[in-house]
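Asker: got a structure for you, letters missing:
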């Protein structure tokens, strides 16, 4: 099934992949990996722990296959859970999990046979035996995939002590940077949860937060701390994109109301989010960071599982909110004031693909190639059709050659073959164009360089990374 020409349907595609994509290092500029596990170079007790421990993609599939929660997030033993996953894999054909599962078995463990109930015991034992060997710790798994840079997802109140430990460890060559994710600062309608969060932020910054100006001062202190540890970017997540006029006096009044534990209306909450996006985006530009806007997730839909397991349980889905007007308003104001950072826009709802691509390209200003990016296929769109569609939309409306490529957006240390998945699809699209005469064979070397740029070099430049001279950048 997965051989050297997997997803490569022409000689051109195979050559592009082999010569220009396969050997490229990985810059994973957005993921949810645990920096503590990297700092401590953790080892895994078994394949179930590393594979199923926090992977809500797999949890969703298992529930859909009729697996009881006892074997997913419950107290069943590791092998019992693994068998239930093996049973589910057979029924996941044409779901990206089927390909990802077998890519991961091959690339990390050298296992070529399909996972099913009949092979489960052999594969479980083989993986566990390898996980006990040198080279299969967290750092070993990352090095095995030729990862050069990781950017994790971190709250402004996080102490970043694990990032500091990694930065001070001269034995580890992979760069691990924090990323600024201040979503909780915007959730002003959250009642006691919000005031509790502000208290933690206050403690982290060493600033008593009583009003909006105090809040911005505390955020600025924390931003500078993130910068001291190499932070390259900010991530922001939105169900839809708020579209409200605001004044700082409005933001002050709404914030004070929240801090008094008074009810904040949905209208006031949207106004506050609009204002916070503006102020945080200005801070991103001042820091020289890339800002990433992830738009369109409606989270924690299943209240029963939210109460039982908590967030990130596999109960999020695609929202259908409005995005264009709010984006136009905020990006236009930031651009007009000369404080629009390099920006990547991601959509979760396929209806917004052309909207976000065209909106991003309104605000390129010649200051940096590909300053405004229509981002990689994200979450539910991170599959063959979604990746192809993202590449097509970007190609038809922008410059694919300036694209900063793929990311994992994952909590799993076994997720990095997703970069290979993307690279094979990219090479197949370009190879098909060469095969059909839509791209000139005389430009093959340039097309090859374009592939290697998308896979690696564009992200290095875009995120202002300084890597070894061996990279030739």
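Answerer: Received the coordinates, thanks. It should be emphasised that the depicted structure is a prediction, and the values quoted were computed from it without experimental measurement.
Asker: which other residues reach whatever helix or strand residue 286 lives in?
Answerer: Take DSSP states H and E as the rule and residue 286 turns out to sit in helix 266-287. For helix 266-287, contacts defined as CB atoms under 8 Å, 6 or more residues apart in numbering pick out 180, 182, 185-186, 188-189, 216, 219-220, 223, 227, 231, 233-234, 236, 238, 242-246, 248, 250-251, 254-255, 257, 264, 290-291, 326, 329-330, 333-334, 337, 339-341. Quick note: C-beta positions are derived from backbone N, CA and C, even for glycine.
Asker: where in this structure is pLDDT low?
Answerer: 467-473 (pLDDT under 70).
Asker: can you give me the helices for the stretch 151-300 of the chain?
Answerer: Using DSSP state H, counting those that start in this stretch, the helices of the stretch 151-300 of the chain run over 161-167, 183-186, 192-205, 212-228, 248-259, 266-287.
Asker: tell me what the fourth one is packed against?
Answerer: Right, the one you point to is helix 212-228. Here helix 212-228 touches helix 192-205, helix 248-259, helix 266-287, going by 3 or more CB pairs under 8 Å, 6 or more residues apart in numbering; DSSP states H and E.
Asker: what comes up buried for it?
Answerer: 212, 214, 215, 216, 218, 219, 222, 223, 225, 226 (16 or more other CB atoms under 10 Å).
Asker: could those go into CSV alongside distance to residue 394?
Answerer: Below are the buried residues of helix 212-228 laid out as CSV (distance: CB to CB, whole Å):
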residue, distance to residue 394
212, 38
214, 42
215, 37
216, 35
218, 38
219, 33
222, 34
223, 30
225, 35
226, 29
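Asker: what's the neighbour count on residue 446?
Answerer: By the criterion of other CB atoms under 10 Å, residue 446 has 12 neighbours.
Asker: contacts for the host helix or strand of it, please.
Answerer: Element membership of residue 446 [criterion: DSSP H and E] is helix 444-452. Among residues not part of helix 444-452, those counted as contacts by CB under 8 Å, 6+ apart are 12, 16, 19-21, 24, 400-401, 423, 426-427, 430, 434, 439.
Asker: 6 Å instead?
Answerer: Outside helix 444-452, the residues within contact range by CB atoms under 6 Å, 6 or more residues apart in numbering are 16, 19, 20, 21, 24, 401, 430.
Asker: buried ones among these?
Answerer: 16, 20, 21, 24, 401, 430.
Asker: and those residues, which is closest to residue 371?
Answerer: Residue 371 lies nearest to residue 401 out of these, by CB to CB, at 14.1 Å.
Asker: take the buried ones among the contacts of helix 444-452 and keep only those in helices.
Answerer: 16, 430 (DSSP state H).
Asker: distance of residue 337 from residue 127?
Answerer: 54 Å (CB to CB, to the nearest Å).
Asker: who has more neighbours, these two?
Answerer: Neighbour totals were compared for residue 337 and residue 127, and residue 127 leads with 23 against 11 (other CB under 10 Å).
Asker: ok, and the closest non-adjacent residue to the more buried one?
Answerer: Setting aside the residues directly before and after it, residue 127 is nearest to residue 47 in space (CB to CB, 6 or more residues apart in numbering), at 3.8 Å.
Asker: does that neighbour really touch residue 129, like I thought?
Answerer: No. Between residue 47 and residue 129 there is no contact under CB atoms under 6 Å: 10.0 Å.
Asker: ok, now which ones touch the nearest residue to residue 231 once chain neighbours are set aside?
Answerer: Ranked by CB to CB, 6+ apart and with sequence neighbours excluded, the top spatial neighbour of residue 231 is residue 178, at 5.0 Å. Neighbour list for residue 178: 152, 154, 160, 163, 226, 229, 231 [criterion: CB under 6 Å, 6+ apart].
Asker: from those, pick the one nearest residue 311.
Answerer: Of all the contacts of residue 178, residue 311 sits closest to residue 154, with 16.2 Å by CB to CB.
Asker: distance of the closest residue to that closest one other than its chain neighbours from residue 282?
Answerer: Nearest residue to residue 154, sequence neighbours excluded (CB to CB, 6+ apart): residue 178, at 4.3 Å. Counting by CB to CB, the separation of residue 178 from residue 282 is 20 Å.
Asker: please apply the same query to residue 27.
Answerer: Using CB to CB, residue 27 is found at 26 Å from residue 282.
Asker: please say which of those two ends up with more neighbours.
Answerer: Comparing residue 27 with residue 282 by other CB under 10 Å, the one with more neighbours is residue 27, at 26 against 16.
Asker: what pairs with the host helix or strand of the more buried one, and is each one parallel or antiparallel?
Answerer: When elements are assigned from DSSP H and E, residue 27 belongs to strand 26-28. Each strand paired with strand 26-28, and its direction, by DSSP bridges: strand 147-151 (parallel).
Asker: neighbouring contacts of the partner strand?
Answerer: The contact list for strand 147-151 (CB under 6 Å, 6+ apart) reads 25, 26, 27, 28, 29, 174, 175, 176, 177, 179, 465.
Asker: mind listing what the fourth one touches?
Answerer: Translated: residue 28. 150, 407, 408.
Asker: what does the second one show for phi and psi?
Answerer: Just to be clear, that refers to residue 407. When read as degrees, to the nearest 10, the backbone of residue 407 gives phi -150, psi 170.
Asker: next, the nearest residue to it once chain neighbours are set aside: secondary structure please.
Answerer: Counting by CB to CB, 6+ apart, residue 30 is the residue found nearest to residue 407 once chain neighbours are left out, at 4.4 Å. With DSSP: H, G, I helix; E, B strand; the rest coil as the basis, residue 30 sits in coil.
Asker: how much space between the residue nearest to residue 127 and residue 93?
Answerer: 21 Å.
Asker: quick one, helices of the stretch 301-450 of the chain?
Answerer: Using DSSP H, counting those that start in this stretch, the helices of the stretch 301-450 of the chain run over 303-309, 324-336, 353-361, 384-397, 417-435, 444-452.
Asker: so of those, which one's packed in deepest?
Answerer: Ranked by mean neighbour count, the helices of the stretch 301-450 of the chain are led by helix 417-435 with a mean of 23 (mean count of other CB atoms under 10 Å).
Asker: what is that helix packed up against?
Answerer: The contact analysis (3 or more CB pairs under 6 Å, 6 or more residues apart in numbering; DSSP states H and E) places helix 417-435 against helix 11-16, helix 96-109, helix 384-397.
Asker: out of those helices, which gets nearest to residue 313?
Answerer: Judged by CB to CB, the one of the helices and strands packed on helix 417-435 that comes nearest to residue 313 is helix 96-109, at 16.7 Å.
Asker: packing partners of that closest one?
Answerer: Contacts defined by 3+ CB pairs under 6 Å, 6+ apart place helix 96-109 against helix 417-435.
Asker: measure residue 162 to residue 30 for me?
Answerer: According to CB to CB, residue 162 and residue 30 sit 18 Å apart.
Asker: neighbour count: those two, which is higher?
Answerer: residue 30 (25 against 20).
Asker: so that one touches residue 406, yeah?
Answerer: No. With contact defined as CB under 6 Å, residue 30 does not count as touching residue 406 (9.9 Å).
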